[in-house]
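Novice: one predicted model, sequence on top.
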Amino acid sequence: MAKNHLKTRIFYTLPLLVPGLVLAGEVSLTGEGTVRYEPDSARLTFTARAEHEQSGKATEKVSSLMNQWREGISEYRDKLQEYSDASVNLYSRTLPSEPREKELQKRAVASQTISFSISDLSLLNPILQQAQSLGLNYNLGPHQFFHSEETRMEQEALALAIADAKSRCEFVAKQVDQSCGNVVSLNINGGHRPVPMMMAEARGGSDTISSVGEREINASVNATFELD
């Protein structure tokens, strides 16, 4: 008796290779947005510091420095925002000594901290020069510069990311002869804090600034759209 041999053929359907993941009438993809800008403001902190064997003398020296500081910035004072110089500190420190010395030498250290912000960076160099002339301590880095409208720029970057996701959805839909429909889900990835692209540039041998440098705010979203 003859036997019939049946051959079974199995077909696999591969997904269409297009950007994003297309399944069951939906597409999931990522959108990105970037806004570039230069800071227009800065937050600054300076410290007047003095040492002496007597605490009263150390305090007097700091008081003298503060009076000179206030006089030197008098023409800019009304442009310094959130100004404060109420942080005062007084302590003693032990000087390094030789092992044979029986009595430890101590010094009184007095300090007073000044903090404020400026929304006009043309004031930056005159203020730095005044601080340098008095020997005030300070640290100037990229994190101290910002833009007065960063919140608006964060929103712009997010809007660009959403628009980018919609544009990619429309491209994908066109490849499969469909149209991009309603948003099924939209996830915003992390924060949008500004990223310094370069350090503030110093000019000559001093700490005067010639360029703050450009920054960028990045935003990204994960979105899922219906395909109509």
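Specialist: In hand now; what should we look at?
Novice: which residue ranges of the chain form helices?
Specialist: Under the criterion DSSP state H, the chain contains helices at 55-72, 124-134, 150-175.
Novice: can you list the weak-confidence ranges in this structure?
Specialist: When residues are selected by pLDDT under 70, those of the chain lie in 1-24, 97-103, 190-207.
Novice: not counting sequence-adjacent ones, nearest residue to Leu95?
Specialist: Leaving aside its sequence neighbours, Leu95 sits nearest to Gln105 (C-beta to C-beta, 6 or more residues apart in numbering; 4.2 Å). C-beta: built from backbone N, CA, C; applies to glycine.
Novice: likewise Ser119?
Specialist: Nearest residue to Ser119, sequence neighbours excluded (C-beta to C-beta, 6+ apart): Ser41, at 4.7 Å.
Novice: returning to that earlier point: next, format the helices of the chain as JSON lines and append mean neighbour count and distance to Glu216.
Specialist: Shown next, in JSON lines, are the helices of the chain (neighbours: other C-beta atoms under 10 Å; distance: least, C-beta to C-beta, whole Å):
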{"stretch": "helix 55-72", "mean neighbour count": "16", "distance to Glu216": "35"}
{"stretch": "helix 124-134", "mean neighbour count": "16", "distance to Glu216": "22"}
{"stretch": "helix 150-175", "mean neighbour count": "18", "distance to Glu216": "9"}
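Novice: rebuild the ones you listed as TSV, extending it with distance to Ile114.
Specialist: Output for these, formatted as TSV (distance: least, C-beta to C-beta, whole Å):
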stretch	distance to Ile114
helix 55-72	7
helix 124-134	9
helix 150-175	24
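Novice: about what we covered before: if I look at the residue nearest to Leu95, how far off is Gly56?
Specialist: Using C-beta to C-beta, to the nearest Å, Gln105 is found at 18 Å from Gly56.
Novice: find the nearest non-adjacent residue to Ala157, please.
Specialist: Distances taken as C-beta to C-beta, 6+ apart put Ala219 closest to Ala157, at 3.9 Å, once the chain neighbours are dropped.
Novice: how many neighbours does Pro39 have?
Specialist: By the other C-beta atoms under 10 Å criterion, the neighbourhood of Pro39 contains 20 residues.
Novice: for it, give its distance to Ile188.
Specialist: Distance from Pro39 to Ile188, by C-beta to C-beta: 24 Å.
Novice: same question for Asp228.
Specialist: From Asp228 across to Ile188, the span is 25 Å (C-beta to C-beta).
Novice: the two: which is more packed in?
Specialist: A direct count of neighbours by other C-beta under 10 Å for Asp228 and Ile188 places Ile188 higher, at 14 against 10.
Novice: wait, the more buried one sits on Val221?
Specialist: Yes: taking C-beta atoms under 8 Å as the definition, Ile188 is a contact partner of Val221 at 5.4 Å.
Novice: which residues are in contact with each of these two?
Specialist: Counting by C-beta atoms under 8 Å, 6 or more residues apart in numbering, the common neighbours of Ile188 and Val221 are Leu158.
Novice: for the residue nearest to Leu136 when sequence neighbours are not counted, what are its contacts?
Specialist: Leaving aside its chain neighbours, Leu136 sits nearest to Phe46 (4.4 Å; criterion: C-beta to C-beta, 6+ apart). With contacts defined as C-beta under 8 Å, 6+ apart, Phe46 is in contact with Trp69, Thr113, Ile114, Ser115, Ala131, Leu136, Asn137, Tyr138.
Novice: this completes my enquiry, with thanks.
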